[in-house]
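> Here you go, sequence then predicted model.
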Protein chains: 2
Amino acid sequence: MAKIALKSVTLQGKNAEIRQKDILIEGNRFVRICESLAPQDLDGAEVVDCSRFAVLPAFYNGHTHAAMTLLRGYADDMPLQKWLQEYIWPFEAKLCGDDIEIACRLAVLEMIKSGTVFFADMYWHRERTIKVVEEMGIRASVGVTFAESLMSPEAIEKNFEFLAAHTGESERVRLAVAPHSVYTVGENMLKRCAEFARAEGYGVHIHLSETLQELKDCEKQYGCSPVRLLDRAGMLDENLAAAHCVHLSDSDLKALVDSGTTAVLNPCSNLKLASGIPPIDRLLNAGAKVAMGTDGASSNNNLDMHEEMKLAALLAKVQGGAETLPAREVLDMATVNTARAYGIADAGEIREGALADCLLVRLDDERMTPCHDLVSNWVYAADSNCIDSVICNGKFVMRGRHVDGEEEIKEAARACAKRLANS
Amino acid sequence: MAKIALKSVTLQGKNAEIRQKDILIEGNRFVRICESLAPQDLDGAEVVDCSRFAVLPAFYNGHTHAAMTLLRGYADDMPLQKWLQEYIWPFEAKLCGDDIEIACRLAVLEMIKSGTVFFADMYWHRERTIKVVEEMGIRASVGVTFAESLMSPEAIEKNFEFLAAHTGESERVRLAVAPHSVYTVGENMLKRCAEFARAEGYGVHIHLSETLQELKDCEKQYGCSPVRLLDRAGMLDENLAAAHCVHLSDSDLKALVDSGTTAVLNPCSNLKLASGIPPIDRLLNAGAKVAMGTDGASSNNNLDMHEEMKLAALLAKVQGGAETLPAREVLDMATVNTARAYGIADAGEIREGALADCLLVRLDDERMTPCHDLVSNWVYAADSNCIDSVICNGKFVMRGRHVDGEEEIKEAARACAKRLANS
């Protein structure tokens, strides 16, 4: 089994004490964290001098549309309906499987470079997404997207067949049932998705309560809020990851908490599209499970979980006071909480036995200087450029800020976007 | 006169067209921007191949306390009064001139690396700040700080003498009259500062309407808002840069607009300290002059104007709709508007005749890929790591992400912070 020994890496414990330790990775797990690894631990291991680095948990991105990197900067600063109808949808209509594969590679490259080792995707041509994730060495929950208003009944049935066969699942790739939203999937289909997911052991990933228009339309069609509609459809439970959750009544909030549903916040996208500010403080006070994602690059316009994490902390404080959502807690939201929301129970933390996903962060960066508090520096002062290397599943996917094949990936994306914009 | 020729650099015009051009810098100005420089333009010039780069205006940081980098991460996630009284003030009380010089160097290093070539400072030991700015090649407005509640009458008079002699002013360094705030400077001293500044041709830099407590205390003491108090003191005018402006009544807003005062926004600090969300949309709708700053590293916790710029754009949109504060306008706030707020009329833009301050930004970064819109990518998708080089006043202050002496600067800051934290 492959072994990596991280020698003299800086860690911060729960009590805020900053110390150097050694970490041994065997296979895809952290197996030992101690003062100094013994000679037999180092036997056959690749020994990495980490005296310049801190180790921090890698990011888990709980909601995105990876292939939308091709639309980065294609349309901004306009109302939602105009943005969707005149720009985003016409561009997306041109995308074929090859384009989506190229776009996904660019997305995974950007995620790795900003310290993300997992993403929960919701898009089309899932087989291309799976291929790219397998090739590039990170993890994903690939949502199989249901949108009745955009798909034929045959395509819907093919989705269920794809899921029933557990097509493409592996050590690093999971599938999820991904009904797009309450405005593209009817109540009966929501019920069927919920029942199917439970029977097959899948998690469910959906857009929920993102805009006031969604609430208004749901009220008109169903006489209840989107959260209540999911409740009626039997979809609220511990295996539901509900992206956005911007507009929640107290009763909605209680339903999420009681059911163990995770709210996956995407504040950058919500602000940029003027959907609203997610009620982070109310979610925390109610005891809700809260995770984080970036949404797609067309409404963010990047996939940087570090930016998202800092923004969530800032918004929570202005909502609830400066002591709300301290650095350690918001880091958990962007790492371990998001992992758990997608059923990965033993990841997102630096501890013995956990999956070996982590970041080596440059302590000598000016933003990490001085270092009164490592986690504070990481959350509030650093940016993703402070990351030197990224380990996923016990293997380096970035080293010294280099990712294999990155120039080719960017060149292909540039050519593809140019062709599509001019077609 | 020194000449630099930037060959084949990518620019985006006002009409969003993206083109490659050549730029000639002579002395400290852009002298020619054209399709292709003539041989005589290149004669004696350093020719820089910029085919991989876009040129964008460098940032002007309109409000900070540079030396507070030493307190980065020293105290977070706590209410303002506890933060100030138990942590920030006791730490600051230990700082001597040498410490402040070390801290300023770290701040200027961080600013250069994140694309900032000017900062408006308000702190102590201004002669040390001036020294560092002169040495490191950027610009500053060094505020001479008045705080009656913290200073002796003799120290106040020395401030006026220092200013009357225009001590330390140079091509890149200006002084400003910097009454700290309405809660540390009384009405008579505010009047004196305003009159003195006008007589001596200085700008004024103050904290204004940052917290609700400030408004409450001002109302109690003076029977009016902080903005109205400055109006009474004759301080509101085109030469006033008012930092924060979080809490403004419609009447306050009108007074700022009518007087030509610039509001210098620091949203990251305001959110982190839970002071409030600055009313960006209302300021813009009222036609106010709006600039930007980072505040000090103890409440941000970095000096990255790019982060500040994106945050301002996001907040403006969620306040006023997705079309509010488009990318080009928020970039102006962080560059040309801030330069003008501090009396630098011909800077912050890439145009013939302007001061030669600019960034060379890597077009081949994954966050700049694809490039449907250069300015959108820069504002919403990039981070400061996309900056390859920084030019200030016609000279490179960073090249290929290297700043002269950076390792020594960081090492000195680490040692200094450690000594202070343990003393």
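Cool, the structure landed. Numbering: from 1, shown residues only, chains lettered A, B, ... in the order given.
> Name the residues that touch the one helix or strand in chain A whose mean pLDDT sits lowest?
Least confident helix or strand of chain A, by mean pLDDT, DSSP states H and E, is helix A:80-82 with a mean of 85. Residues outside helix A:80-82 that contact it (CB atoms under 8 Å, 6 or more residues apart in numbering or on different chains) are A:211, A:213, A:273-275, B:322. All C-beta spots, glycine's among them, are computed from the backbone N, C-alpha and C.
> Can you list the buried residues in it?
Within helix A:80-82, the residues that qualify as buried are A:Leu80, counting by 16 or more other CB atoms under 10 Å in any protein chain shown.
> what comes up buried for whatever helix or strand comes next after that helix?
Per DSSP states H and E, the first helix or strand lying C-terminal to helix A:80-82 is helix A:89-92. By 16+ other CB under 10 Å, the buried positions in helix A:89-92 come out as A:91-92.
> Next, see if helix A:89-92 gets close to chain B.
No - using CB under 8 Å from any CB of the partner chain, helix A:89-92 never reaches chain B; the gap is at least 9.5 Å.
> circling back: only the buried subset of the contacts of helix A:80-82, as a ChimeraX command please.
A single ChimeraX command is used to select the members of the contacts of helix A:80-82 judged buried by 16+ other CB under 10 Å:
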select /A:211,273,274,275 /B:322
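> Just flag the most distant two among the contacts of helix A:80-82.
A:Gln213 and B:Ala322 (12.9 Å; CB to CB).
> Provide a list of residues in contact with the residue nearest the centre of chain A.
Nearest to the mean C-alpha position of chain A, counting by CA atoms, centre = their mean, stands A:Asn61 at 1.2 Å. A:Asn61 is in contact with A:111, A:116, A:118-120, A:292-294, A:303, A:305, A:338, counting by CB under 8 Å, 6+ apart.
> repeat that with 10 Å
A:107, A:111, A:114, A:116-121, A:138, A:140-141, A:264, A:266, A:291-295, A:303-305, A:308, A:334, A:338 (CB atoms under 10 Å, 6 or more residues apart in numbering or on different chains).
> and what of A:Arg228?
When contacts are counted by CB under 10 Å, 6+ apart, A:Arg228 touches A:182, A:218-219, A:222, A:236, A:249, A:251-252, A:255.
> Now that we have the residues you listed, which of them are buried?
A:182, A:218, A:236, A:252, A:255.
> thought the last one was touching A:Val227?
Yes - judged on CB atoms under 10 Å, A:Ala255 makes contact with A:Val227 at a distance of 5.4 Å.
> intersection of neighbour lists for the two?
With CB under 10 Å, 6+ apart, A:Ala255 and A:Val227 have common neighbours A:236, A:248-249, A:261.
> which residue packs closest to A:Gly27, ignoring adjacent ones?
Nearest non-adjacent residue to A:Gly27, counting by CB to CB, 6 or more residues apart in numbering or on different chains: A:Met1, 4.4 Å away.
> Revised request: answer the last question for A:Leu253.
A:Ala286 (5.0 Å).
> so A:Ser389 touches A:Phe396, yeah?
Yes - taking CB under 10 Å as the definition, A:Ser389 is a contact partner of A:Phe396 at 6.0 Å.
> Identify the contacts common to A:Gln213 and B:Ala322.
Counting by CB under 10 Å, 6+ apart, the residues touching both A:Gln213 and B:Ala322 are A:80, A:275.
> partners of the residue nearest to the centre of chain A in the sheet?
A:Phe119 (DSSP bridges).
> Show me the helices in the stretch 1-150 of chain A, by range?
A:39-42, A:80-82, A:89-92, A:97-113, A:126-136 (DSSP state H, counting those that start in this stretch).
> how far away is A:Tyr202 from A:Ala241?
Remark: distance between A:Tyr202 and A:Ala241 (CB to CB, to the nearest Å) = 11 Å.
> and for these two, which residues touch both?
A:141, A:143, A:176, A:178, A:343.
> Most neighbours of all those, which one?
A:Ala178 (31 neighbours; other CB atoms under 10 Å in any protein chain shown).
> For that residue, pull up the helix or strand it's in.
Counting by DSSP H and E, A:Ala178 is found in strand A:173-179.
> Just after that strand, pick out the following helix or strand.
Next along from strand A:173-179, by DSSP H and E: helix A:187-200.
> Packing partners of the next helix or strand after that next one?
Remark: after helix A:187-200, the chain's next helix or strand is strand A:204-208, criterion DSSP H and E. In this structure, strand A:204-208 packs against strand A:59-64, strand A:116-123, strand A:139-146, strand A:173-179, helix A:187-200, helix A:226-232, strand A:240-244, strand A:262-265, with contacts taken as 3 or more CB pairs under 10 Å, 6 or more residues apart in numbering or on different chains; DSSP states H and E.
> Tell me how far the strand holding A:Ala178 lies from the chain's centre.
Relative to its chain's centre, strand A:173-179 lies at 13 Å (CA atoms, centre = their mean, to the nearest Å).
> which strands and helices sit next to it?
With contacts taken as 3+ CB pairs under 10 Å, 6+ apart, strand A:173-179 sits against strand A:116-123, helix A:126-136, strand A:139-146, helix A:153-164, helix A:187-200, strand A:204-208, strand A:240-244.
> Do a quick rundown of the helices in the stretch 251-400 of chain A.
A:267-272, A:280-285, A:305-320, A:327-334, A:336-341, A:374-376.
> Serialize those to TSV and add fields for mean neighbour count and distance to A:Leu6.
TSV is the format used below for these (neighbours: other CB atoms under 10 Å in any protein chain shown; distance: least, CB to CB, whole Å):
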stretch	mean neighbour count	distance to A:Leu6
helix A:267-272	26	32
helix A:280-285	18	33
helix A:305-320	25	21
helix A:327-334	23	19
helix A:336-341	25	20
helix A:374-376	22	16
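> May I see the ones you listed organised as JSON lines, with mean pLDDT and distance to A:Glu127 added?
As requested, these are exported to JSON lines (pLDDT from 0 to 100; distance: least, CB to CB, whole Å):
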{"stretch": "helix A:267-272", "mean pLDDT": "98", "distance to A:Glu127": "26"}
{"stretch": "helix A:280-285", "mean pLDDT": "98", "distance to A:Glu127": "35"}
{"stretch": "helix A:305-320", "mean pLDDT": "98", "distance to A:Glu127": "25"}
{"stretch": "helix A:327-334", "mean pLDDT": "98", "distance to A:Glu127": "28"}
{"stretch": "helix A:336-341", "mean pLDDT": "98", "distance to A:Glu127": "24"}
{"stretch": "helix A:374-376", "mean pLDDT": "97", "distance to A:Glu127": "39"}
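> Fine by me, thanks again.
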